[in-house]
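Participant: Sharing a model prediction with you, sequence too.
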Amino acid sequence: MFKKIKFNILKKYILKEINLTWVCLLAGLFLIYFIFIQKNYVCDVGQKIAFIIASFGVLFSVIQFWVNSIRHRTDFLRNMRYDEYKRVREITNRFFNLLSENMGEKHDIHLLSRQLMDIKNELVVIIQMTNKSLFKDILKNESVVEFGKKSDELLARTDKLRFDLDTLHEKKNTFGDVFNFAIEVEIMNWHNEVREMIKELHELKYYLFEFMEDKII
């Protein structure tokens, strides 16, 4: 998957660089034509040919130096963006994998709540750090904002389950197994609500990835 994405990014970059080179080349050729042909500032034919040849040499040298400078800077930024993009994908997939693994009957809700919060904080830090430098205005993107809100809702709902289960287990220890049914109901309600949240988040994550892919070039 990453190889395919990287190939598409490289293809876009090459096309962009080719277009930029042609623009610079045509501008330089037009300048040579304007000076030596249209305005005819150099009248002697021999001198004109020498100046034109020298101008071609200077033009190609300047273009090569300029394009190489742009390429080095663009390569550096593109590699940084791609590395951060991969990190975001990996962290996001970890978030969903963790939820998937804990949707069964047996799970440690305290551990799950803490792990989900850690992953969400890790993702938030990366996005905030790259908002201005690598992925400009990512925090203003509607899908990214919505993803953040929905994930916060999921974390809040999971933490509420943790609190409710703690309360019910305390009552169970005091009054006996009569609270077993209430515990099962709370877990079932959490499953139903979180399952819908996961579906929404699963769709939103692809808009997040798409935004970052467009910014890599």
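Facilitator: Done, it's in. Numbers count the residues shown, from 1 in each chain.

Participant: mind checking which helix or strand Lys215 is in?
Facilitator: helix 180-216 (DSSP states H and E).

Participant: no, scratch that, I was asking about Lys136
Facilitator: Assigned by DSSP H and E, Lys136 falls outside every helix and strand.

Participant: what are the phi and psi values for it?
Facilitator: Main-chain torsions, Lys136, degrees, to the nearest 10: phi -60, psi 130.

Participant: Then Asp108?
Facilitator: Torsion angles, degrees, to the nearest 10, at Asp108: phi -100, psi 100.

Participant: so what secondary structure elements neighbour the lengthiest helix in the chain?
Facilitator: Counting residues, the longest helix in the chain under DSSP state H turns out to be helix 45-101. If you count contacts as 3 or more Cβ pairs under 8 Å, 6 or more residues apart in numbering; DSSP states H and E, helix 45-101 packs onto helix 2-33, helix 109-130, helix 180-216. (Glycine included, C-beta is placed from N, CA and C.)

Participant: from the chain's centre, how far out does stretch 81-88 sit?
Facilitator: 6 Å (Cα atoms, centre = their mean, to the nearest Å).

Participant: shaky segments in this structure?
Facilitator: 1-25, 28-29, 32-52, 54-56, 59, 66, 69-70, 104-106, 217 (pLDDT under 70).

Participant: change it to 90
Facilitator: 1-81, 99-112, 128-137, 139-140, 143, 162, 165-188, 191-192, 213-217 (pLDDT under 90).

Participant: What count of nearby residues applies to Arg71?
Facilitator: By other Cβ atoms under 10 Å, the residues close to Arg71 number 14.
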